[in-house]
Structure formats: structure tokens, C-alpha cells
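A.B. asks: build the 3D model from these lines:
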Amino acid sequence: MGTVLEDHQYVYPNMNMEQCKSRVAVPPPQPFFKSLQGSLKETFFPDDPLRQFKNQPRSRKFILGLQYFFPILEWGPKYTLNFLKSDLVAGITIASLAIPQGISYAKLANLPPILGLYSSFVPPLVYAMMGTSKDVAVGTIAVGSLLTGAMLSTAVDPNQNPKLFLHLAFTATLVAGIFEATLGLLRLGFIVDFLSHATIVGFMGGAATVVCLQQLKGILGLTHFTKSTDIIDVMHSVFSQEHQWRWESAVLGCGFLFFLLLTKYFSKRKPIFFWISVMSPLISIILGSLLVYLTHAENHGVQVIGFLKKGINPPSFGDFVLYSPYFPVALKTGIVTGIIAMAEGIAVARSFAMFKNYNIDGNKEMVAFGVMNIIGSCTSCYLTSGPFSRSAVNYNAGCKTAFSNVIMSIAVMITLLFLTPLFYYTPLVVLSSIIMSAMLGLIDYDAAVHLWKTDKFDFVVCISAYIGVVFGSVEIGLVIAVALSVLRVLLFVARPRTTVLGNVPNSICYRSVDQYPAAQTVPGILILEIGAPIYFANSTYLRERISRWIDDEEERLKSSGETSLRYVILDMRAVSCIDTSGISMFEEVKKIIDRRKLQLVLASPGGEVMKKLDRAKFIENLGQEWIHLTVGEAVGACRYTLHTYKADGQPETWSNNV
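C.D. replies: Numbers count the residues shown, from 1 in each chain. Down below sits the predicted model:
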């Protein structure tokens, strides 16, 4: 427990008794509604978004309000030709990736491939007006596509009733948009923070593994495949149909997958050539289509996309399914996919904002994602967000503003109007290769190893999420991951750290004797640090833990023959707040300590804690003289009192008056 500081070694502070009685101030009382207003402001408006409206004329407030919801009105007037040149290059670059990815991810969601192009046309235009990130490139996301296809397939077979399945996808997108926009408007963006880094690493890795396994259907040219996403059912479906494997499709798929991974590896080794990896999916589609067209491979077991309808997005606001038994499935799908889309989009936006040293507003991002999904659901689009791969390309291509999304939309519009017939011979196996190539990058082995080295519990959360997705389902993995993350939060709150403090040699600091083995405990005094706010959830534990520390210290002193215990000092620097259960805990601890003929001393209590202890009359019960500004002052006062009694030859008494 650290070295014991003997009486003759201890340097007593040069202070009299009055100086030892350092008064800890109780904050002046505040009206309840003012205090509540402050708490709500810190919870929902930590960035103080209304500050810019103060002392502004009404006309200026109106303009600022429009700029708040439509940031394009703020940066648009400052737009320059140099910005346009950079955004033009970035927009065309991400369009070359958006077109093949959009088609591929739509197939992943069991939706017509054309919906992937529709979803890369309208939503980016909306985000360009409402988004706060300069780097996010909007489009469909792999995990959201997988979830949409898997969850809606439990209610409707996309092969037997494709029209109803399509309408359910629009309904789920509408629900996701309303959910995202509502959370943003209500300033509830902090909910996304419950998806910890470990959770996201495990969940995304598991989802990527599941997506790759699902693509074995396209690689092997299978026509019938399991609707389940778990690894056991998928592998059973693959190996139970060995006689239906098509070697032509397998050779083509493996060849293109090798090409895509090779270009990605080369681009990582030579970042200046990042565009090679970006262009490789489109090159794969062009080469695959030419190969099928010239060899008539569609007649030899190689499945192709087929006819894609020309023209921009048709309206779909009349296609929503709002009746039982289908709407509950769409509602569930929309909420789950909305959460995933928000988490990925906001994480991507924050990452690139940090690289370029600018700020984004998470709540405004939610509103932007929500509105673009609401409008998208009315224009034949399904779930969109800010996928990492496309945004990384946008960033590396040198985008300057969100206008690169507009350039991408224009390129997709041209494709929809004139170029869709060219995709007729595109082999599905190439789309599977593109998806697998993108998904392998989401399995972050380095992050998992880092979690293992840094925090074993986070590693358990990560692996649990991964296993839940791979062996259960995406929904099960998500539930497991969130549950474990919440459990950890509860453990932090319910089981806060309490440590014994000692004096660091040649200083006035008191630190944990476990962290600093040279720290010296003070004879007759037990100093405990409470490492968290005190709530109903941890008050019982803290009472029992403090009692156990006292028992352990008295046993140690008795066995070593040292000075008997006289004071228990609680260092409350980390106790930012306390509730009525915590106050009751202090009252019980004081009774326990009084029965042991000891004295309780508090050090460094915060203003909120002092306010509540004062209202509960605990300060009056304990005595103001036993509450000190710092641990050092508390130790000095206790030692002064102890030696004063010894010098007078009087027995020590434990009243509230020294």
C-alpha cells in the first residue's frame, strides 16, 4: 500500500489551527428554473448554436436562420473559380466510383440496380445544400444495403413480389429519414455516441464478413441462395449446391477481385496514384461488359444485369406501405438502418473535419441526412449516408466544398439519361467482386489488435459484436454490441474506482499508492479517492467499499504495530455531482466511522456537491471544520489536531468542535 511516513519524517505545514480550518464555499442558491435551464442547455446545446443570433436585427436573424439550416447560403457567396476546379475534379472522380458501387449495393439490398443510380443523384443534391461537411460524398452504403435486404426479406420475398419489396424499401427509407431528422431537430445527437469505437469496429468487420460471404452467390454463379446472413447457413447453402457451381463465373470473379485488390494495394503503397484504385471498379465493369459481349458468356452461365431503364428518378411518394402486416417491418428496418447510416455518416464527417481543421455540427448533419432520405424516398431512392470509401476518395481528390456532390450528381444524371443501355452486359460477378473488394477494407485487423493491447474489455465488445453478426445476424450483432457498450457505461457508474492516496516524496501532491509505489501513507490517516459522481446506482457499493478499506487499513496497522487509525479523508475531486442516495450514503458512512471512534473528513468537494450537502444539513452535521479545499490542507489539519492533543496529554475526542 506504499511506504508509511513516520512521524519524525513528516514535514508539518507551518500553520495554526485557524489556518487549518480552510473554508469550502457553498455556491449561492439559484432559482430552480434557472438551474434547470442551465442543465438543459449543457445537455442539448453544448455548442451554443444561438450565440450568433444575439444582438442582431430581425432581418439579420432571418438570414442567419436560413444559413443555419442551409449552409450553402453561407459558403456559396464566397465560392471561387479555384474551388470549382478542385470540386470538378473531385466530383468526376467520385462519380466514377459511385456508379459501379451504386449498382452493386442495390443488388446487395435485393433491389433493382437502377435504384443505386437513382440514390446517387437526388440525395447528394440535398446534402450539398444542408450538410456541414466539405468532404462527405453521399451515396448508398454497404451495411445499410445489406440490412435493408435482409430485414425486409423476412416479410416479403423480393423474387416473388418485387414490387411490394420495392415499396417497403421506400417506406423504410422514409422512416429512417424521419427518425434521423427528428433526432437532429431535438438535439439528440449524443445518442449516436453510445456506439463506441470498439462496437463500430466489431460490427463493421462482422457486417463486411457477412457481405463477402453473401457474394459467393455471384462469384459461383448460383441462382438459389439462403436468405439468412449467418455464416453457417451461407456455407451450407454454398456447399450443398456444388453441382451448380459455374467455373466460368468463378474464374471471372476471382480474376476481377484480384485486379481490384492489386490496384488498391498499389494505391496504398503510392498514395499519389490513388485514382488508379478509384477507377478500377469502373474499369472492371467496362472490361467485364466487353468480355461478355464479345464471348456471349451470358449464354454460358454468366449472369448479367440486363436492361436498365433510361431517365431520371420517377416519383415514388405514392408507393409507401403504411398498413399491416408490412409497415411494422418497414418501421423496424428504417430505425435500425437509420442508426447505422447516422453513425457511419457522422463518424466519417468528424474524421475528415479533424484532418482539415474545421468543425461540423452533428445535429445539423442528422437533419441533412434525414431530409435527404425523406426526399429520396419520394424520388425512388433507398437509404443513403456518407460512406467512408466514397468520402475518402472525395478527400484525396482535393475537394474544397460540398459542391463536389453536385458534380457527382450531374455525372450520374448524364449516365441515367444516356448511358444506362451500356450496362446491359455487365456481369453480376463483377458487381460481387466490387462489393467484396470494398468490404475487405472494412475488416480492420489493426484496430482489433490495438484494442487487445490497450483495453481488453473493449476487445471483448469488439469480438462479441463481430461474432454476433457473423454467427447470428446483423441485428443480433448490433444489439449485442450496444448492450455491451451500455453495460460498460453502467459498470463505470455503478462500480467507480476508489484508491488509497499517499504523499509523493518531495512534493505536496497526494496520489494513488498503486500508481506511485514510492508514495507514503500518513500515520493515523486513511486517504481515499472516489473516482466518479455518486448516484443511486453506486451509493451502496461505495458505502461497502469504504467500510472494507477501513477494515483493511485497521488490520494492516494492527499487524504492523503502527499508529492506530484516527481519520478517514475522502478526496472528492472527481465527484462532480451527487443525488439524494449519495447524500444518504455519506450519512451512513459517517455513522459507521463514528461508531469506530474515527473522524470523517472531506477534501475538494465541488460546488454542486457542496450545494446539495448543505441543503441536506450534512455539512452542519459533519462540521464545517472537517471540510477542506485540498487533501494537503485536510492532512495538515488532521495532523495538527492529533499532535495538539498529544502535546496537551489529553484524550482525543471526536466531536464536531476541535
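
A.B. asks: give the burial count for residue 290, as a bare number.
C.D. replies: Neighbours of residue 290 under the rule other Cβ atoms under 10 Å: 11. Placement of C-beta: from N, CA and C, glycine included.

A.B. asks: contact partners of the stretch of helix or strand it belongs to?
C.D. replies: Applying DSSP states H and E as the criterion places residue 290 in helix 274-295. If you take Cβ atoms under 8 Å, 6 or more residues apart in numbering as the criterion, helix 274-295 is touched by 93-94, 96-97, 99-101, 103-104, 252, 256, 259-260, 263-264, 266-268, 297-298, 302, 304, 393, 396-397, 422-427, 429-430, 433-434, 437.

A.B. asks: which of these fall in strands?
C.D. replies: Assigned to strands by DSSP state E, none of the contacts of helix 274-295 qualify.

A.B. asks: which of those fall in helices?
C.D. replies: 93-94, 96-97, 99-101, 103-104, 252, 256, 259-260, 263-264, 266-268, 393, 396, 429-430, 433-434, 437 (DSSP state H).

A.B. asks: now do the lengthiest helix in the chain, average pLDDT.
C.D. replies: Criterion DSSP H: the longest helix present in the chain is helix 327-356. In this model, helix 327-356 has an average pLDDT of 87.

A.B. asks: that helix: which residues count as buried?
C.D. replies: Within helix 327-356, the residues that count as buried by 16 or more other Cβ atoms under 10 Å are 327, 329-349, 351-353.

A.B. asks: mind checking which of the ones in helices among the contacts of helix 274-295 are buried?
C.D. replies: 93-94, 96-97, 99-101, 103-104, 252, 256, 259-260, 263-264, 267, 393, 396, 429-430, 433-434, 437.

A.B. asks: all helices for the stretch 551-658 of the chain, in order.
C.D. replies: Secondary structure of the stretch 551-658 of the chain by DSSP state H, counting those that start in this stretch: the helices cover 580-595, 607-615, 618-622, 631-648.

A.B. asks: quick one: which of these is nearest residue 317?
C.D. replies: Closest of the helices of the stretch 551-658 of the chain to residue 317 is helix 607-615, at 50.5 Å (criterion: Cβ to Cβ).

A.B. asks: where in the stretch 201-350 of the chain is pLDDT low?
C.D. replies: The stretch 201-350 of the chain contains residues with pLDDT under 70 at 227, 301.

A.B. asks: the bottom helix or strand of the chain by mean pLDDT?
C.D. replies: Of all the helices and strands that make up the chain, the one with the lowest confidence by mean pLDDT, DSSP states H and E is helix 17-20; it has a mean of 47.

A.B. asks: spit out the contact partners of residue 497.
C.D. replies: 529, 531-532.

A.B. asks: could you measure from it over to residue 555?
C.D. replies: Residue 497 sits 22 Å away from residue 555 when distances are taken as Cβ to Cβ, to the nearest Å.

A.B. asks: also residue 518?
C.D. replies: In terms of Cβ to Cβ, residue 518 sits 23 Å off from residue 555.

A.B. asks: more neighbours: these two, which one.
C.D. replies: Using other Cβ under 10 Å, the more surrounded residue of residue 518 and residue 555 is residue 518, with 13 against 10.

A.B. asks: leaving out the residues flanking it, which one is nearest to the more buried one?
C.D. replies: Spatial nearest neighbour of residue 518, excluding adjacent residues (Cβ to Cβ, 6 or more residues apart in numbering): residue 505 at 5.8 Å.

A.B. asks: just give the number of residues close to the one you found.
C.D. replies: Neighbours of residue 505 under the rule other Cβ under 10 Å: 13.

A.B. asks: isn't it right up against residue 511?
C.D. replies: No. At 10.9 Å, residue 505 does not count as touching residue 511 under the criterion of Cβ atoms under 8 Å.

A.B. asks: now list whatever residues contact both of those two.
C.D. replies: The contact lists of residue 505 and residue 511 share residue 519, where a contact means Cβ under 8 Å, 6+ apart.

A.B. asks: show me where pLDDT drops low in the stretch 1-150 of the chain?
C.D. replies: Using pLDDT under 70, the stretch 1-150 of the chain drops low at 1-22, 30, 32-50.

A.B. asks: strands along the protein, start to end?
C.D. replies: Using DSSP E, strands in the chain cover 3-4, 498-503, 510-512, 520-521, 525-530, 567-571, 599-603, 627-628.

A.B. asks: got those strands as TSV, with distance to residue 278 and mean neighbour count columns?
C.D. replies: Below are those laid out as TSV (distance: least, Cβ to Cβ, whole Å; neighbours: other Cβ atoms under 10 Å):
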stretch	distance to residue 278	mean neighbour count
strand 3-4	62	16
strand 498-503	52	22
strand 510-512	51	20
strand 520-521	62	21
strand 525-530	53	23
strand 567-571	56	24
strand 599-603	59	24
strand 627-628	63	24
